[in-house]
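Enquirer: Quick check, what structure comes out for this input:
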Amino acid sequence: MPFRNYYAVLGVAPNASQDDIKKKFRKLALLYHPDKNTESEFAVIRFREIQEAYENLSDTDKRIIYDRTWRNHYPNANLSVAEEISPAAILLKCKKLQQGIRDMDPFRVNKQHVQAELNKITDKNTIALLLFHNDTALNKEILQRVLEISNVLSRQNLLPIQNALIQLANNEPGLLAMIEKKMKQLKYRKLWEQYYPLLAFILAIIACVVIYYVSK
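Expert: This is a model prediction of the structure:
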């Protein structure tokens, strides 16, 4: 079972007081309680995660034991900074990734890192969270930023997250059209990159032939 960052689940800093942890739990429990979200499977799962996190962090002895393992997983983490699982946090992650790519030499971008980050941003749990909160403007911005970030990837690399983006578009024609346009752009770019060397070779041969006949 993968290690769970209970501080991120509750959206509190690792040095948060017990009172802060209790307040945040109550706020999230009210938001995701199954009784208020009877048709949302995501809310049920999220509520269980919140309960599990609170059970471990609200108990002093359990928290001490948990913190030892937490520090091994996050040795350089700032104890006063809260990492949050929320639509706003996902958007912020997109912005940071986007800015990092813009500031970097395009030939030195770590495409594997970009792919890994996009996979996290578009995994099923993240998409479910965004759809649950249903912030249309925020979801649109996230989708637009993900598509811009994908410019450094190939169409083949974007295919695995295409369905997630379509799901996030939530049947909005304009957003679906944006996704389709991006896929076509990457397809044409792949064809250009694939046949450009052959085209350059043919043009070089033609140029040589023309120069030969002109110089005769």
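Enquirer: make it CA atoms for all contacts and neighbour counts henceforth
Expert: Will do.
Enquirer: Who are the contact partners of residue 164?
Expert: Neighbour list for residue 164: 122, 123, 124, 127 [criterion: Cα atoms under 8 Å, 6 or more residues apart in numbering].
Enquirer: From residue 128, how far out is it?
Expert: 10 Å (Cα to Cα, to the nearest Å).
Enquirer: Spit out the contact partners of the residue positioned nearest the centre of the chain.
Expert: Centroid check for the chain by Cα atoms, centre = their mean gives residue 121 as the closest residue, at 1.5 Å. Shown in contact with residue 121 (Cα under 8 Å, 6+ apart): 90, 94, 127.
Enquirer: what pLDDT does it get?
Expert: Per-residue confidence (pLDDT) for residue 121: 90.
Enquirer: about what we covered before: I'd like the contacts of residue 121 as TSV, with pLDDT appended.
Expert: Formatted as TSV, these follow (pLDDT from 0 to 100):
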residue	pLDDT
90	93
94	92
127	93
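Enquirer: before we move on, the earlier item: quick check: neighbours shared by residue 164 and residue 128?
Expert: With Cα under 8 Å, 6+ apart, residue 164 and residue 128 have no common neighbours.
Enquirer: And the next helix or strand past the helix or strand harbouring residue 66?
Expert: Per DSSP states H and E: residue 66 is located in helix 60-73. From helix 60-73 onward toward the C-terminus, using DSSP H and E, the following helix or strand is helix 87-102.
Enquirer: Can you list the residue ranges for helices in this structure?
Expert: Assigned by DSSP state H, the helices in the chain fall at 6-10, 18-32, 41-57, 60-73, 87-102, 111-121, 124-133, 136-149, 155-169, 173-215.
Enquirer: Out of the ones you listed, the one nearest residue 81 is which?
Expert: Checking these against residue 81 by Cα to Cα gives helix 6-10 as the closest, at 10.1 Å.
Enquirer: Identify the residues contacting the closest one?
Expert: Residues contacting helix 6-10 (Cα under 8 Å, 6+ apart): 13-14, 21, 24-25, 28, 49-50, 53-54, 57, 82-85.
Enquirer: May I have it as CSV, with CA atoms only?
Expert: In CSV, the C-alpha atoms belonging to helix 6-10 read as follows (Å, rounded to 0.1, in the frame of the first residue of the first chain):
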residue,chain,number,x,y,z
TYR,A,6,-2.2,12.7,5.6
TYR,A,7,-1.2,16.3,6.0
ALA,A,8,-1.9,16.9,2.3
VAL,A,9,-5.2,15.0,2.5
LEU,A,10,-6.4,17.4,5.2
